[in-house]
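1. what follows is a protein structure lacking sequence information:
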């Protein structure tokens, strides 16, 4: 769907879906492999302005995975490392941001937030990023199996 | 007019054809199967353990050179590949066959285990960090940093083995095999 001069929307509801495409290398037993999910600003399409198969435009043969907005990880890290720390890490949450493209109005990214403010270049510990990627994998649904 | 004829070269694709029936059958039936490993090197228990590890080691070598296997993070570094090879050696000694060896989206190599709702992996990142995770898909996943020693890799492998095959289930399987 073309942007046609429309501005970003950002009125996401918890029941809205986010779609991304995948290839065979990303999938095993109907599951998106956590090791193949990127942490930073994961690119997705928003169900409010697109159908699942729109992510396959120009990518014939690929598969479709779905996330729910309410399924995005919240309050990470869930457990703090053992031992007393002078500055324990503050919990981070993840929420979609609408980033419309001229040829794809539904395009969004999954952004990182700390205390309600977006963190542009989050410097989270590797283990926390991994927890995010694993939760995304656990809560993803494979709508269409990739053929390539 | 008789045209000149030639015998066309024809070879059975030896790797993917299994003959069914007795050899004296005039026209033996052939069962063709495209290996699931063709595109992804996905390995199942039916693949055979040694063959499975062989496929994983060869895929690990390809990850550094085959750009079609990379994501935005690019190829795994030599360091990450070397650690992944050590982990794979350790897993082989434990006879714990990963389902898949992939290039990680964060840069590095991921050795993944998928068994129904259970997922586990060991990721050797280009930064040198090695991370492990186990998840049953319904509760919070457990992530830990793997110590970069032989002992650390052995403990991570053991942890994943216990998660995928809990001791009780292993004991029952041993008892059944004795009967």
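-> Good, I have the coordinates. Fair warning: this is a prediction, and the values are worked out from it, not measured in the lab.
2. what does chain A put close to chain B?
-> A:24-26, A:28-29, A:31, A:33-39, A:78, A:126-127, A:129-131, A:133-135, A:137-138, A:148 (C-beta under 8 Å from any C-beta of the partner chain). Bear in mind the C-beta positions are built from the backbone N, C-alpha and C, glycine included.
3. the residue nearest to residue B:100 when sequence neighbours are not counted: neighbouring residues, count only.
-> Nearest residue to residue B:100, sequence neighbours excluded (C-beta to C-beta, 6 or more residues apart in numbering or on different chains): residue B:112, at 4.5 Å. Look at residue B:112: counted by other C-beta atoms under 10 Å in any protein chain shown, it has 24 neighbours.
4. residue B:112 belongs to a helix?
-> No. Applying DSSP: H, G, I helix; E, B strand; the rest coil, one finds residue B:112 to be strand, outside a helix.
5. isn't it right up against residue A:33?
-> Yes. Using C-beta atoms under 8 Å, residue B:112 is in contact with residue A:33, at 5.3 Å.
6. list the strands paired with the lowest-mean-pLDDT helix or strand in chain A, with their directions.
-> Lowest by mean pLDDT, DSSP states H and E among the helices and strands of chain A is strand A:117-118, with a mean of 92. Partners of strand A:117-118 in the sheet, by DSSP bridges, are strand A:107-114 (antiparallel).
7. mind listing what's buried along the strand it pairs with?
-> Neighbour-count burial for strand A:107-114, counted by 16 or more other C-beta atoms under 10 Å in any protein chain shown, picks out A:107, A:108, A:110, A:111, A:112, A:113.
8. ok, stretch A:91-104 next?
-> Buried positions in stretch A:91-104, judged by neighbour count with 16+ other C-beta under 10 Å: A:92, A:94, A:95, A:96, A:98, A:99, A:100, A:104.
9. phi, psi of the third one?
-> Residue A:95 has phi and psi values of phi -150, psi 150 when expressed as degrees, to the nearest 10.
10. and the gap between it and chain B?
-> 19 Å (C-beta to the nearest C-beta, to the nearest Å).
11. I'd say that residue and residue A:110 touch.
-> Yes. Here residue A:95 reaches residue A:110: they are 7.4 Å apart, a contact under C-beta under 8 Å.
12. what sits against residue B:140?
-> Residue B:140 sits next to A:78, A:131, A:135 when contact means C-beta atoms under 8 Å, 6 or more residues apart in numbering or on different chains.
13. tell me which element the first one falls in.
-> Okay, so that is residue A:78. Counting by DSSP states H and E, no helix or strand carries residue A:78.
14. now it. Nearest residue, chain neighbours left out?
-> Among residues not flanking residue A:78 along the chain, residue B:140 sits closest, at 5.5 Å (C-beta to C-beta, 6+ apart).
15. which pLDDT value goes with the residue of chain A found nearest chain B?
-> Nearest residue of chain A to chain B: residue A:35, at 2.8 Å (C-beta to the nearest C-beta). pLDDT recorded at residue A:35 is 97.
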